[in-house]
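J.: return atomic coordinates for the entry below.
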Amino acid sequence: MRKIRVAVAGIKGKMGNQVAKTVLSAPDMELVAGIERVAEQDFKVESVTVPVFDSADACFPKTKPHVVVDFTHATAAAPTIETAIAHLVRPVIGTTGLSPDFLREVGQALEERSLGGLYAPNFAIGALLMMRAAELAARYLPYAEIVEYHHDQKRDAPSGTAQKTAERMAKARKEAGVIPVPLANAAALHNVLGTPIHSVRLPGFVAHQEVIFGGTGERLTIRHDSMSRESFMPGVLLGVRQVMNVTGLIDGLEHFLF
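T.: Prediction:
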């Protein structure tokens with residue numbers, strides 16, 4: 001069986017290092033390289049020595065990965081993704097804050113080369129189920145707000161998960177013919193298609209979200225908590241495997257689940 005060759009962008013970061021360890025433990029994958037601002041020839045992940053390059057341009061021709069996993073930040077991820085596609089490397093993108101126009105361009109470039117790619121704001125299976133439940137509830141309880149909590153190093157707000165949840169809720173309302181009247185006292189820093197979103201950035205959090213629905217005499221709260229970065233790893237492995245079998249950019253890990 002041919003193993004999937006994987007490179008990890010930001011391999012020294014908390015998420016990148018966790019991805020690297022997870023790839024090492026997968027019997028059908030091989031960790032071939034990392035990308036960081038500073039190259040390092042003898043960087044160790046667990047007990048395995050991994051070459052680290054200071055750019056995707058230097059990395060991909062030498063190590064020839066099938067897939068690159070990127071959980072860095074938007075300014076660093078964009079050139080890595082573009083270089084990956086040019087070298088026929090499939091991107092699995094967990095970086096949020098990338099513009100819709102850029103993602104459309106990525107999708108077109110992947111289609112032209114008959115390559116697969118994945119963009120997912122959240123790789124936790126429980127988070128995907130939370131969004132699915134919120135989508136269902138929005139058909140019957142039109143008034144809702146989202147509160148999302150992340151660590152203080154997260155740069156974007158609202159989170160990609162919160163934004164996508166709100167978009168899916170809006171689509172569900174439209175399909176059900178539900179048009180809520182704006183509430184007089186509803187207030188939040190962000191409002192996405194009629195759903196207010198509150199963003200909390202504090203030490204002590206990893207990734208958490210609750211969707212609170214209010215109705216006449218009742219309240220429904222749907223909540224998901226990621227207590228560690230390990231919660232994202234089953235989804236990362238699923239994404240790496242599935243991009244080998246699709247064409248174009250898949251928007252959301254849920255397309256491989258539901």
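
J.: what packs against the helix or strand of the chain with the lowest mean pLDDT?
T.: Lowest mean confidence among the helices and strands of the chain (mean pLDDT, DSSP states H and E): strand 40-45, at a mean of 85. Judged by 3 or more C-beta pairs under 8 Å, 6 or more residues apart in numbering; DSSP states H and E, strand 40-45 is in contact with helix 14-25, strand 29-35, strand 48-53. Every C-beta, even on glycine, is put in place using the N, C-alpha and C of the backbone.

J.: list the buried residues for stretch 47-64?
T.: Neighbour-count burial for stretch 47-64, counted by 16 or more other C-beta atoms under 10 Å, picks out 50-53, 56, 59-60, 63.

J.: what about it, average pLDDT?
T.: Regarding stretch 47-64, the rounded mean pLDDT is 95.

J.: so where's the stretch 151-258 of the chain shaky on pLDDT?
T.: Residues of the stretch 151-258 of the chain that meet the criterion pLDDT under 70 lie in 184, 186-188.

J.: tell me where it has helices.
T.: Per DSSP state H, counting those that start in this stretch, the stretch 151-258 of the chain carries helices over the ranges 160-176, 233-242.

J.: let me have those helices in TSV, adding mean neighbour count as columns.
T.: Compiled in TSV, these are given as follows (neighbours: other C-beta atoms under 10 Å):
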stretch	mean neighbour count
helix 160-176	20
helix 233-242	21
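
J.: got TSV for those, with distance to G16 too?
T.: As requested, the helices of the stretch 151-258 of the chain are exported to TSV (distance: least, C-beta to C-beta, whole Å):
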stretch	distance to G16
helix 160-176	18
helix 233-242	11
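
J.: quick one: closest of the ones you listed to T22.
T.: T22 lies closest, by C-beta to C-beta, to one member of those: helix 233-242, at 4.3 Å.

J.: contacts only, for the residue lying closest to Q18 once chain neighbours are set aside.
T.: In space, Q18 comes closest to R229 once its chain neighbours are excluded; the distance is 4.6 Å by C-beta to C-beta, 6 or more residues apart in numbering. Residues in contact with R229 (C-beta atoms under 8 Å, 6 or more residues apart in numbering) are 14-15, 18, 206.

J.: and the chain, what are its domains?
T.: According to automatic domain parsing, the chain comprises the domains 4-122+230-256, 125-227.

J.: buried deepest among those, which one?
T.: domain 4-122+230-256 (a mean of 19; mean count of other C-beta atoms under 10 Å).

J.: what ranges do the strands span in the stretch 151-258 of the chain?
T.: Under the criterion DSSP state E, counting those that start in this stretch, strands of the stretch 151-258 of the chain are mapped to 190-192, 195-201, 207-215, 218-226, 248-251.

J.: give me the contact list for the last one.
T.: Residues from elsewhere that reach strand 248-251, judged by C-beta under 8 Å, 6+ apart: 103, 106-107, 110-111, 116-120, 242-243, 256.

J.: against G160, how distant is the residue nearest to N245 when sequence neighbours are not counted?
T.: Nearest-residue entry for N245: G116, 6.8 Å, with adjacent residues in sequence omitted and distances by C-beta to C-beta, 6+ apart. Computed as C-beta to C-beta, to the nearest Å, the G116 to G160 distance reads 20 Å.

J.: ok, now E82?
T.: The value you get for E82 to G160, if C-beta to C-beta is used, is 20 Å.

J.: repeat that for E135.
T.: When distance is defined by C-beta to C-beta, E135 is 16 Å away from G160.

J.: same thing with P142?
T.: Applying C-beta to C-beta, the value for P142 to G160 is 23 Å.

J.: same question for P180.
T.: 24 Å.

J.: which residue of the chain sits farthest from its center?
T.: Residue distances from the centre of the chain (C-alpha atoms, centre = their mean) peak at G217, which lies 35.9 Å from the mean C-alpha position.

J.: ok, back up a step: looking at the buried residues of stretch 47-64, which is nearest F213?
T.: For the buried residues of stretch 47-64, the closest approach to F213 (C-beta to C-beta) belongs to A56, at 43.1 Å.
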